[in-house]
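Participant: Next come a sequence and a model predicted from it.
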Amino acid sequence: MTTPPPRRRARALALVAALAATLLAGSAPVAQAEEIPLAPGHRLVDHYVGAPAAARPVPGKGPAQHPYLAPNGRSGMHADGAGSATYPWSGPLGRDPEVDSEKIAAVGGECATVTFDAGGRLVTVCGTFSGFLLKLLDPRTLATLAEYKLPQRSSTVEAVTRLDFEKIFKDTSGGAYFYLDDRDRVVLADSRQHVLRIAHRQKADGVWEFVVENDWDLTSLVPHDCVSWTNLFPSGVCDPVTSVMPDWDGRIWWVTRLGRVGTVDPATGALRVIRLDGEEIQNSFSVAEDGVSIVTDHALYGFRADADGVPRVQWRETYDRGTGTKPGSVNQGSGTTPDLFGTEDQYVAITDNADDRMNVLVYRRGADVPAAERLVCKVPVFGSGASTTDNSLISWGDSLVVENNYGYENPSSLLLGRSVVGGATRIDVRADGSGCDTVWESDVRSPSTVPKLSTANGLLYFYEKRPHAWGIDAWYLTAVDFRTGERAFSRFTGTGPAYDNNWAPITIGPDGTAYVGVFNGIVAVRDGA
C-alpha cells in the first residue's frame with residue numbers, strides 16, 4: 001500500500017480528529033475540504049529555509065479594545081479597530097511546520113478577510129466569479145461548516161463582458177472588508193449598497209447556518225445604477241460601498257468609492273451621509289475613542305459624528321499624491337488604511353504616493369493640534385522610482401513596519417519565476433515626538449500581502465515570492481524578527497498562480513496557525529506536533 005504524502009496524511013489525521021469530536025458532541029460531521037493543486041516545479045524548490053525561532057514577546061502598548069468589536073486579533077482584516085495588524089498570541093515558530101489548504105472554487109475563491117468567532121472557527125468572505133461567499137470554516141481541516149452567498153459585484157460582470165479583469169483585482173467593495181462585532185456577528189456592505197449584520201448559529205441537528213439579523217438599505221443616499229447581467233449598459237452612476245466600521249458609540253460608519261462618508265444608527269436605522277467631492281476612498285478606515293480616521297486619494301481626515309449621526313470633519317491633511325497610479329497601487333493616492341498608534345495613543349500614520357520615493361507620514365491626532373505641529377515626520381522608504389504600498393502598516397508602541405508592493409498588479413504579474421523588487425522597513429517615532437528614525441531595512445519580497453506581527457513571539461509574517469531562474473512560481477510564508485529585520489524561516493506553501501495571495505492578508509489564529517488567503521482559496525501553516 002502506498003504511503004500518502006505528508007500533507008495528505010496530516011489532513012487525514014486532522015479530519016479523523018474533527019469527525020470524532022463532532023460525533024461525540026452529537027452534531028453532524030463536516031465535509032472534507034479539497035486541497036489547492038500544486039503547479040509543476042514544487043519538487044525542485046526548497047520547502048524550508050532557516051531555523052525554528054525562539055519566542056521573544058515584544059514589549060509595548062497595543063490598541064485599546066473596541067467596545068463594539070470582537071476581541072483584538074479576531075475582528076477584521078487589520079486585527080483590531082486601530083488597524084495595528086498585530087496579534088496577542090503566537091504564530092508559527094517554524095518547528096517542522098505543516099501546510100494545509102482549501103480550494104474554494106474552480107476559478108477564483110480567494111478568502112480575503114479572515115476573522116475568528118469565540119470558538120476559534122474561521123469566519124471569512126471568499127470571492128468567486130458567481131459572487132462572494134460568507135463562510136464558516138473548521139480551523140483545523142478548513143472544511144466548510146456553513147455558507148451564505150452574497151450578491152455578485154459589478155466588477156465581475158464588467159470583467160467578463162468587457163474582458164477587463166483588472167476590474168476585479170482592483171475592486172475593494174462588496175464585502176472584501178468586513179468586521180466581526182462584539183457578539184460574533186459579521187457586518188459588511190454588499191454590492192447592492194446594503195449594510196448587513198449576519199449571525200451564525202448551530203441548529204439542533206448540529207448543522208451551522210448564517211442568519212441575516214439586520215439589513216440597512218443605503219440606496220436612498222448612494223447612486224446605484226450599477227452594471228449587472230440585466231443592466232449591462234447603465235446610464236447613471238454606481239458608487240460601491242468600500243468598507244464599514246463601528247465607532248465608540250456603536251454607530252456603523254460606511255464609506256464609498258466616490259467619497260461618501262455615512263453612518264447607520266443600529267437602534268433606529270437612521271442614515272446620515274456627507275460627500276467629499278472629487279475624492280476617492282479605496283481603503284478601509286480605523287476607529288478609536290477620539291474619532292474615525294479616513295484616508296482618500298487626496299487627504300487624511302479625522303472625523304467625529306454629531307449627536308444626530310452626521311459625520312463631521314475635525315481636521316484634514318493633504319499629502320503628496322504623485323502624478324499617477326503606480327504599478328502596485330489600486331489608485332492614485334495612499335494605499336494604506338490609517339494606523340492609530342503610539343505609547344500615548346496620539347499618532348496616526350499612512351503612506352503617501354510621492355513619485356520618486358514613497359514616504360511614511362506620521363501625524364498627531366486630535367482636533368486641537370495646531371496645524372504647524374500636526375506632522376511628526378515624513379520618512380522616504382525603498383528605492384528611487386520603485387516604491388509603493390497598497391497595504392496597511394504594522395504598528396506597535398511607537399514602531400511602524402512598511403512593505404513595498406511596487407510592481408505587483410495581479411496574479412499574472414509574477415508568472416514564469418518573476419518577482420517584485422520588494423523590501424520592508426521598520427521606522428520608530430522618537431520618544432520625545434521630535435521625529436522618526438529608520439531602525440532596519442529587509443530585502444523580503446512580499447508582493448501584495450497585508451503582513452502581520454505576533455507580539456507574543458516577536459515575529460513578523462510576510463507572504464513571499466522570490467525570483468526563480470527556471471520559471472518556477474513558488475510561494476512561502478516568511479517570518480522576520482521584529483527587533484532586527486533578520487529572516488527567521490521560510491516555509492513553502494505552493495506553486496503557481498493559485499497560491500498567489502493577490503492582496504489578501506496573513507491572519508494569525510488563536511491556535512497559532514497562520515492563514516493566507518490565496519487566489520484559489522485559503523492556506524494554513526502551523527507548527528508540527
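Facilitator: Cool, the structure landed. Numbering: from 1, shown residues only.

Participant: Would you mind naming the residues that pair with the closest residue to D339 other than its chain neighbours in a beta bridge?
Facilitator: Setting aside the residues directly before and after it, D339 is nearest to S395 in space (C-beta to C-beta, 6 or more residues apart in numbering), at 4.1 Å. C-betas here are computed from N, CA, C, even on glycine. For S395, the beta-bridge partners under DSSP bridges are L400.

Participant: Just list the residues touching S395, thanks.
Facilitator: A82, G83, S84, A85, T86, D339, L340, F341, A349 (C-beta atoms under 8 Å, 6 or more residues apart in numbering).

Participant: repeat for V516
Facilitator: 449, 463, 477, 493, 501, 504-507, 522-525.

Participant: now the residues you listed as CSV including distance to A431 and secondary structure?
Facilitator: Formatted as CSV, those follow (distance: C-beta to C-beta, whole Å; DSSP: H, G, I helix; E, B strand; the rest coil):
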residue, distance to A431, secondary structure
T449, 31, coil
Y463, 33, strand
L477, 33, strand
T493, 39, strand
N501, 36, coil
A504, 35, coil
P505, 30, strand
I506, 30, strand
T507, 32, strand
I522, 40, strand
V523, 39, strand
A524, 39, strand
V525, 36, strand
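
Participant: Please spell out the PyMOL selection for the buried subset of these.
Facilitator: Only the buried entries of these go into this PyMOL selection, using 16 or more other C-beta atoms under 10 Å:
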select buried, resi 449+463+477+493+501+504+505+506+507+522+523+524+525
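
Participant: any chance of the contacts of V516 in TSV, plus distance to D320 and pLDDT?
Facilitator: Shown next, in TSV, are these (distance: C-beta to C-beta, whole Å; pLDDT from 0 to 100):
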residue	distance to D320	pLDDT
T449	25	94
Y463	28	98
L477	34	98
T493	36	98
N501	28	95
A504	28	93
P505	26	94
I506	29	97
T507	32	97
I522	36	97
V523	36	97
A524	39	98
V525	37	98
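
Participant: just the contacts of V516 now: which is nearest R192?
Facilitator: Within the contacts of V516, proximity to R192 (C-beta to C-beta) peaks at A504, which comes in at 23.4 Å.

Participant: Greatest separation within the contacts of S395: which pair is it?
Facilitator: Between any two of the contacts of S395 (C-beta to C-beta), the greatest distance is 13.8 Å, for T86 and A349.

Participant: quick one: the strands in the stretch 151-300 of the chain?
Facilitator: Assigned by DSSP state E, counting those that start in this stretch, the strands in the stretch 151-300 of the chain fall at 179-180, 186-189, 194-202, 208-217, 241-246, 252-256, 260-264, 271-275, 286-288, 291-295, 299-305.

Participant: Nearest approach to R374 belongs to which of the ones you listed?
Facilitator: Taking the strands of the stretch 151-300 of the chain one by one with C-beta to C-beta, strand 299-305 is closest: 9.6 Å.

Participant: and the closest one, what does it pack onto?
Facilitator: strand 291-295, strand 311-318, strand 347-351 (3 or more C-beta pairs under 8 Å, 6 or more residues apart in numbering; DSSP states H and E).

Participant: Parallel or antiparallel, which strands does that strand pair with?
Facilitator: strand 291-295 (antiparallel), strand 311-318 (antiparallel).

Participant: Reformat these as a markdown table; add distance to T161 and mean pLDDT.
Facilitator: Shown next, in a markdown table, are the strands paired with strand 299-305 (distance: least, C-beta to C-beta, whole Å; pLDDT from 0 to 100):
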| stretch | distance to T161 | mean pLDDT |
| --- | --- | --- |
| strand 291-295 | 32 | 98 |
| strand 311-318 | 35 | 97 |
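
Participant: pLDDT wise, what is the most centrally placed residue in the chain at?
Facilitator: The centroid of the chain falls nearest to M77 when counting by C-alpha atoms, centre = their mean (3.7 Å). The model reports M77 with a pLDDT of 94.

Participant: now it: how far from D481?
Facilitator: The gap separating M77 from D481 is 24 Å, by C-beta to C-beta, to the nearest Å.

Participant: In the sheet, which residues pair with the closest residue to G291 other than its chain neighbours? Tell me.
Facilitator: Sequence neighbours aside, R304 is the residue nearest to G291 in space, at 4.6 Å (criterion: C-beta to C-beta, 6+ apart). In this entry, R304 is beta-bridged to R312, by DSSP bridges.

Participant: Near R304, how many other residues are there?
Facilitator: 15 (other C-beta atoms under 10 Å).

Participant: Repeat that for the one 10 residues further on.
Facilitator: Close neighbours of Q314, defined as other C-beta under 10 Å, add up to 17.

Participant: before we move on, what about V444?
Facilitator: So V444, with other C-beta under 10 Å, has 23 neighbours.

Participant: quick one, phi psi at it?
Facilitator: When read as degrees, to the nearest 10, the backbone of V444 gives phi -60, psi 140.

Participant: what about P447, neighbour count?
Facilitator: Neighbours of P447 (other C-beta under 10 Å): 29.

Participant: Please give me every residue in contact with it.
Facilitator: So P447 contacts N405, G407, Y408, S413, L414, S419, V420, G422, Y463, K465, D500, N501 (C-beta under 8 Å, 6+ apart).

Participant: Do I have it right that K326 meets D352?
Facilitator: No - when contacts are counted by C-beta atoms under 8 Å, K326 is not listed as touching D352 (11.3 Å).

Participant: excluding its backbone neighbours, what's nearest R365?
Facilitator: Using C-beta to C-beta, 6+ apart, the nearest residue to R365 is V348, at 5.1 Å.

Participant: shouldn't A431 be in contact with S399?
Facilitator: No - counting by C-beta under 8 Å, A431 does not reach S399; the two are 11.7 Å apart.

Participant: More neighbours: which of these two?
Facilitator: S399 (20 against 8).

Participant: Pull up the gap between that one and V187, please.
Facilitator: 30 Å.

Participant: Of the strands paired with strand 299-305, which stretch is the most buried?
Facilitator: strand 291-295 (a mean of 26; mean count of other C-beta atoms under 10 Å).

Participant: How far away from the center of its chain is that one?
Facilitator: Computed by C-alpha atoms, centre = their mean, to the nearest Å, the chain-centroid distance of strand 291-295 equals 17 Å.

Participant: That one relative to strand 347-351, how many degrees between them?
Facilitator: Here strand 291-295 points in a direction 10 degrees away from that of strand 347-351 (axes from the mean of the first three to the mean of the last three C-alpha atoms, to 10 degrees).

Participant: Show residues contacting strand 291-295.
Facilitator: 245, 247, 253, 255, 261, 281, 283, 285-287, 300-305, 311, 314, 333-334, 336-338, 340, 348, 350, 365.
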